[in-house]
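In: Okay, sequence plus prediction incoming.
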Amino acid sequence: MLITTEMQVESALFFETPREIYTRVFRNLKPRTKPPEITVTFCKFANPDSFARYDSGRIEIRMSDLLEGAPAPVMEALAYILLGKLLRRPVPASYAHRYRLYLNRHDVRRSIHLIRQIRGRKFISGPQGKHFNLEERFEELNLRHFNGLMARPLLGWSRRASRTMLGHYDPSHNAIIISKLLDDPKVPQVVLDYVLFHEMLHLRYPAQTRGARRSVHTAEFRQAERAFPGIQEAKAFLKAL
Ligand SMILES: [Zn+2]
C-alpha cells in the first residue's frame, strides 16, 4: 500500500522542472501568497550544500550540481527543507528523512567523495613532524594491535593546530590526518598513539549505514578502542588540553 503511494508521488513529480517543484512547494507552505519568481542554479560546490535566499523580490536557490541528477522526490524534499527555513514554516520530518536517505545511498556517497577529492583542497603534509614521526607510530601500533597487517594509509599533520579535530580519517584520500597540536614534546607519546589508534580503528571498522542513520563508532569499534592500554591517561590529558 505504502509502495503504491510512493510510486504515484514519483510519477506525478516526474515532469516537473526544479523551478516548478520549488514554486509548487512555495504554494503549499504559503497558500495565500503569490509565489515570487524563483530561480534555481546548480553550482560546482565541493559539498552537497544548498542555499535559498531572497534577492530583490525573487527567491534564489543555489544547489550543488551533485544534486542535478537527483530524483524528483529528493528534489521536492530539499525544496521543503530550504523553503521551510526561508519562510519560517514547519516542515514534516519525513522530508529531512527522505533527503538524508538519498545522501546516504552508496552511489551518491561515492560521487560526493569523488567530487571532494577533485574540488576539495585538502592539505596533507608528510608523516615527519617536528617531534613525532607518524609512520613510525603507525607501524608500532600496527604491530601491537593489528599483527602488522594493516595497509598504511597516507599519514600527515594538519596545517593548523586544531583543538576540535585532533584526528581524522579521510576515506576519499585514504589518509589519516593528525592535528599539529599533538606534534609537541609536551604531549606524551601515549596520547598521540591513542588518537592515531582511534583513526586506525576507522580503517578497521568502516561506518555502518542503516537506513538514514549512520553509525561511525560501532559497538565493535568501541570495544576495540577500550583495549588500548593507557586510554584513561590519554583521555585525561586530552580533556585538560
Ligand atoms: Zn572517530
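Out: Right, received. Where do you want to start? Residues are numbered from 1 along each chain as shown.
In: hey, let's count contacts and neighbours off CA atoms from now on
Out: Will do.
In: the strands in the protein, which residues?
Out: 38-43, 50-55, 58-64, 154-157, 167-170, 175-178, 208-210, 213-215 (DSSP state E).
In: How much space separates the residue of the chain positioned farthest from its centre from Arg58?
Out: When distances are taken from the C-alpha mean of the chain, Arg32 lies farthest, 37.5 Å away, according to C-alpha atoms, centre = their mean. Using C-alpha to C-alpha, to the nearest Å, Arg32 is found at 17 Å from Arg58.
In: what bridges to the closest residue to His202 other than its chain neighbours?
Out: Spatial nearest neighbour of His202, excluding adjacent residues (C-alpha to C-alpha, 6 or more residues apart in numbering): Tyr169 at 6.8 Å. According to DSSP bridges, the partner residues bridging Tyr169 are Ile176.
In: if we can go back for a sec, out of the strands of the chain, flag the one nearest Phe228.
Out: Minimum separation from Phe228 across these (C-alpha to C-alpha) falls at strand 167-170, 16.4 Å.
In: Quick one: residues in contact with that closest one.
Out: 175-179, 195-196, 199-200, 202-203 (C-alpha atoms under 8 Å, 6 or more residues apart in numbering).
In: Check stretch 22-42 too.
Out: For stretch 22-42, the surrounding residues in contact (C-alpha under 8 Å, 6+ apart) are 18-19, 57-65, 68, 76, 79-80, 83-84, 89.
In: Same check on stretch 84-94?
Out: Looking at stretch 84-94 with C-alpha under 8 Å, 6+ apart, the contacting residues turn out to be 29, 52-53, 80-81, 83.
In: Return the set of buried residues in that stretch.
Out: Under the neighbour-count criterion of 16 or more other C-alpha atoms under 10 Å, stretch 84-94 has 84, 91 buried.
In: Pop the domain breakdown of the chain in here.
Out: Annotated domains of the chain cover 2-119, 134-240 [automatic domain parsing].
In: Nearest to Ser125, out of those domains?
Out: domain 134-240 (4.8 Å).
In: so where's this structure shaky on pLDDT?
Out: Along the chain, the model assigns pLDDT under 70 to residues 1-14, 114, 117-124.
In: What about Asp193, how many residues nearby?
Out: For Asp193, the count of nearby residues is 20 (other C-alpha atoms under 10 Å).
In: Now it. Nearest residue, chain neighbours left out?
Out: In this structure, Asp193 finds its nearest non-sequential neighbour in Arg137, 6.7 Å apart by C-alpha to C-alpha, 6+ apart.
In: how near is the one you found to Ile178?
Out: Where Ile178 is concerned, Arg137 sits at a distance of 12 Å (C-alpha to C-alpha).
In: Equivalent analysis for Pro153, please.
Out: According to C-alpha to C-alpha, Pro153 stands 13 Å off from Ile178.
In: Settle it for me: which of these two has more neighbours?
Out: Using other C-alpha under 10 Å, the more surrounded residue of Pro153 and Ile178 is Ile178, with 27 against 18.
In: circling back: TSV for the domains of the chain, including distance to Gly126?
Out: Formatted as TSV, the domains of the chain follow (distance: least, C-alpha to C-alpha, whole Å):
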stretch	distance to Gly126
domain 2-119	18
domain 134-240	5
